[in-house]
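Structural data only, the sequence is not supplied:
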DNA sequence: TCCTTTGTGAGAGTAAACTCTCATTACAAT
DNA sequence: ATTGTAATGAGAGTTTACTCTCACAAAGGA
């Protein structure tokens, strides 16, 4: 309750907290790189921190992994740099899909752990913005106002389902597709949906692919 | 190694095993009906069977839930009875999608437990045929040979991603759609994909929806 | 009837996600 | 330098999925 004299100087405790948080995140990223499953205890030990402390900074494993993964992920702008000049939403969505799915593939273990942890706790998910949405929005930016609001929202919902780790795992685990084939298939699906929403059913009005 | 005298008469042990197995499945179905989460121990206790025995009959919770759910599920023919006379794949796929997603919604707790259990063990999934595939195949039966093999396979992959519990949970949990809206959205997505595959980009050739 | 086979139960044990409490340590203001 | 507060560590406890072992009991054949 006592007003601190110098609230913004060092605030050592804040620095300490930041250091701890960063260490935990860094350890998580390191473990995630392997693609193996990641547990909270492993991360804590690797960060030279007790498990209790790890839970003090991140309410659950999914939050930690999500933030660690988000930190590794380029911004939508960076991710779609290759198609930055393109105004073709189909091309942009294809790039976004491939980008996200390749990332998921690399951090497969962590992503699977994240899904497993969140699927049974739908309430805890709402707080976290999925990685996919920023990517989808950015990919669709060129047509954000040329498309009707309803059509745009539907397309975003369509893509939220397809441009996702769940879609990738569905294709690899259930359809038994090889990773590369799964990505290719998802890209085609996303492409089809986007083309259908943008071109409607009038071919020839859009750019040639 | 001794040849049994009467191998096919009563075979009491086989009957006993079947009774136990049936009791476990029945208990699982009963618990699943509530939509709540289901644990192996709960099912075992409810079936008046030890947990060890439950694991003897089903290698893991996911197997048990999957089989219990499959037993509750009507056959693809029954599920698509309403559109049995229709040869329009778009209409049939829409019905299949809505049917599956409504079932998932009812058995939401068990389905989430299933996904959580299988997502981290991709290898154990391959043995189990997903419920969606029979439905998708049946819905696409009318166009199975009019469509090219590659196009058909791609459409099946498209639909495997969309006609799924994962898609429903993605829409409700991440996109924050109400259950009914989520189903409607997924049906539209599946419809779009099917129409796109069947009609190509030449509108007017198919029946009016 | 006896005996072997086998289904079953009970319980311990492991792993991992959490949760909680209590003691300790270290920082930082006074 | 002292002292209070905040960060941390250690560890126990809970839940659930699963595994393993051992002992019991019932079923069926001899």
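Received it, and whenever you're ready, just let me know what you need. Nothing here was measured: the structure is a model prediction, and the numbers come from that model.

worst-scoring helix or strand of chain A, pLDDT-wise?
When each helix and strand of chain A is scored by mean pLDDT, DSSP states H and E, helix A:122-125 comes last, with a mean of 82.

Just the buried positions in that one, please.
Residues of helix A:122-125 classed as buried by neighbour count (16 or more other C-beta atoms under 10 Å in any protein chain shown): residue A:125. For glycine as for every other residue, the C-beta is placed from the backbone atoms N, C-alpha and C.

Would you mind listing the outside residues contacting it?
A:59, A:60, A:62, A:63, A:118, B:112, B:169, B:172, B:173, B:174 (C-beta atoms under 8 Å, 6 or more residues apart in numbering or on different chains).

Out of those, which is nearest to DNA strand C?
Using C-beta to the nearest atom of the strand, residue A:60 is the member of the contacts of helix A:122-125 that lies nearest DNA strand C, at 3.5 Å.

For the closest one, which non-adjacent residue is spatially closest?
Take residue A:60 and drop its neighbours on the chain: the residue closest to it by C-beta to C-beta, 6 or more residues apart in numbering or on different chains is residue A:117, 6.3 Å away.

can I assume that neighbour is in contact with residue A:58?
No - using C-beta atoms under 8 Å, residue A:117 is not in contact with residue A:58; the gap is 11.4 Å.

Next, find the distance separating the residue lying closest to residue A:197 once chain neighbours are set aside from residue A:69.
Leaving aside its chain neighbours, residue A:197 sits nearest to residue A:155 (4.1 Å; criterion: C-beta to C-beta, 6+ apart). As judged by C-beta to C-beta, to the nearest Å, residue A:155 and residue A:69 stand 25 Å apart.

what do you get for residue A:197?
Residue A:197 sits 28 Å away from residue A:69, going by C-beta to C-beta.

just residue A:14 next, same as before
Distance, residue A:14 to residue A:69, by C-beta to C-beta: 25 Å.

count of residues packed around residue A:49?
By the criterion of other C-beta atoms under 10 Å in any protein chain shown, residue A:49 has 18 neighbours.

ok, back up a step: and residue A:14 and residue A:69? which has more neighbours close in?
Ranked by neighbour count (other C-beta under 10 Å), residue A:14 and residue A:69 place residue A:69 first, with 20 against 11.

Any regions of chain A where pLDDT drops low?
Scanning chain A with the threshold set as pLDDT under 70 gives A:1-12, A:201-209.

how about the helices in it?
Per DSSP state H, chain A carries helices over the ranges A:12-33, A:40-46, A:51-57, A:61-72, A:76-79, A:89-106, A:108-119, A:122-125, A:131-140, A:149-162, A:165-169, A:179-199.

Residue B:42: which of those helices is closest?
helix A:108-119 (18.7 Å; C-beta to C-beta).

The closest one vs DNA strand C: in contact?
Yes - residues of helix A:108-119 are located near DNA strand C by C-beta under 7 Å from any atom of the strand, namely A:113, A:117.

what's next to that helix, contact-wise?
A:28, A:31-32, A:34-39, A:60-62, A:65-66, A:68-69, A:104, A:124-125, A:165-166, A:169, B:112, B:115-117, B:119-120, B:122, B:169, B:173.

Weed out the non-buried ones from those residues.
Buried among those (16+ other C-beta under 10 Å): A:28, A:31-32, A:38, A:61-62, A:65-66, A:68-69, A:104, A:125, A:165-166, A:169, B:112, B:115-117, B:119, B:169, B:173.

what's the spacing between the residue positioned nearest the centre of chain A and residue A:158?
By C-alpha atoms, centre = their mean, chain A has its centre lying nearest to residue A:131, at 2.5 Å. Residue A:131 sits at a distance of 17 Å from residue A:158 (criterion: C-beta to C-beta).

Likewise for residue A:26?
Distance, residue A:26 to residue A:158, using C-beta to C-beta: 36 Å.

Pick out whichever of these two has more residues nearby.
Neighbours per residue (other C-beta under 10 Å) separate residue A:26 from residue A:158, with residue A:158 holding more: 28 against 15.

isn't the more buried one right up against residue A:198?
No - checked against C-beta under 8 Å, the pair residue A:158 and residue A:198 is beyond contact range at 11.8 Å.

okay, the helices of chain A, which one's buried deepest?
Among the helices of chain A, ranked by average contacts under mean count of other C-beta atoms under 10 Å in any protein chain shown, first place goes to helix A:165-169 (a mean of 26).

what does chain A put close to DNA strand D?
Contacts of chain A with DNA strand D, taken as C-beta under 7 Å from any atom of the strand, map to A:13-14, A:16-17, A:19-20, A:48-53, A:56-57.

Closest to residue B:73 out of the residues you listed?
residue A:51 (41.6 Å).

mind listing what the closest residue to residue A:167 other than its chain neighbours touches?
Distances taken as C-beta to C-beta, 6+ apart place residue B:161 nearest to residue A:167, at 4.5 Å, with adjacent residues excluded. Residue B:161 makes contact with A:161, A:162, A:166, A:167, A:170, A:171, A:186, A:189, B:167, according to C-beta under 8 Å, 6+ apart.

and with 7 Å instead?
Residues near residue B:161 by C-beta atoms under 7 Å, 6 or more residues apart in numbering or on different chains: A:161, A:162, A:167, A:170, A:171, A:189, B:167.

Out of those, which comes closest to DNA strand D?
residue A:170 (19.4 Å).

And for the closest one, the neighbour number?
Other residues near residue A:170 come to 27 when the count uses other C-beta under 10 Å.

and the gap between the nearest residue to it once chain neighbours are set aside and residue A:197?
Among residues not flanking residue A:170 along the chain, residue B:161 sits closest, at 5.3 Å (C-beta to C-beta, 6+ apart). Here residue B:161 is placed at a distance of 17 Å from residue A:197 (C-beta to C-beta).
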